[in-house]
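Q: Could you look at this predicted model? Sequence included:
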Amino acid sequence: MSKKETQLRQGDVFLEKISALPAGVKKKDNVLAFGETTGHSHKFPDQKCAQVYADESSNQFVEVTEKTMLVHDEHTNHTVEPGIYKVTIQREFDLVEGVRKVSD
């Protein structure tokens, strides 16, 4: 499997394919991140094909059962292939504030 098939980036959201969901995760809504500046969100609108989970530390994971779309109003929509993905939200370093999430 090529890197292109196992990794995907949409703005400040990065998905990386993993082998299985970690133990103890719980279902949550299908929004991965909200744009703090614009109010737009990175989300999976089709809950039949994708389910987002979070662990106790708020790390997110997605289980995609059928090819589906990851959508955002200001970024290119992406087709996500079936599999399990770990979600990482990009962070940046600010000399005054320290490490923080990137604002959309």
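A: It's in.
Q: Report the rounded mean pLDDT for stretch 90-100.
A: Average pLDDT, stretch 90-100: 61.
Q: for stretch 18-28, same thing?
A: 96.
Q: Now do the buried residues in it.
A: L21, V25 (16 or more other C-beta atoms under 10 Å). The way it works is simple: take the backbone N, C-alpha and C, and place the C-beta from them, glycine included.
Q: Can you name the residues in contact with it?
A: Contacts with stretch 18-28, where a contact means C-beta atoms under 8 Å, 6 or more residues apart in numbering, come from Q51, V52, Y53, A54, D55, E56, Q60, F61, E63, I84, Y85, K86.
Q: just these now: which is nearest S41?
A: Using C-beta to C-beta, V52 comes nearest to S41 of those, at 11.6 Å.
Q: Please report the distance of that closest one from F14.
A: 14 Å (C-beta to C-beta, to the nearest Å).
Q: who's more crowded, these two?
A: V52 (20 against 16; other C-beta atoms under 10 Å).
Q: follow-up on the earlier one: just the buried ones from the contacts of stretch 18-28?
A: Buried among the contacts of stretch 18-28 by 16+ other C-beta under 10 Å: Q51, V52, Y53, Q60, F61, E63, I84, Y85.
Q: Filter those down to the ones in strands?
A: Of the buried ones among the contacts of stretch 18-28, the ones assigned to strands by DSSP state E are Q51, V52, Y53, Q60, F61, E63, I84, Y85.
Q: So which of these is the closest to Q7?
A: Y85 (8.9 Å).
Q: and the closest residue in space to the closest one that isn't next to it in sequence, how many neighbours?
A: Using C-beta to C-beta, 6 or more residues apart in numbering and skipping the chain neighbours, the partner closest in space to Y85 is L15 (4.2 Å). Residues contacting L15 under the criterion other C-beta under 10 Å number 25.
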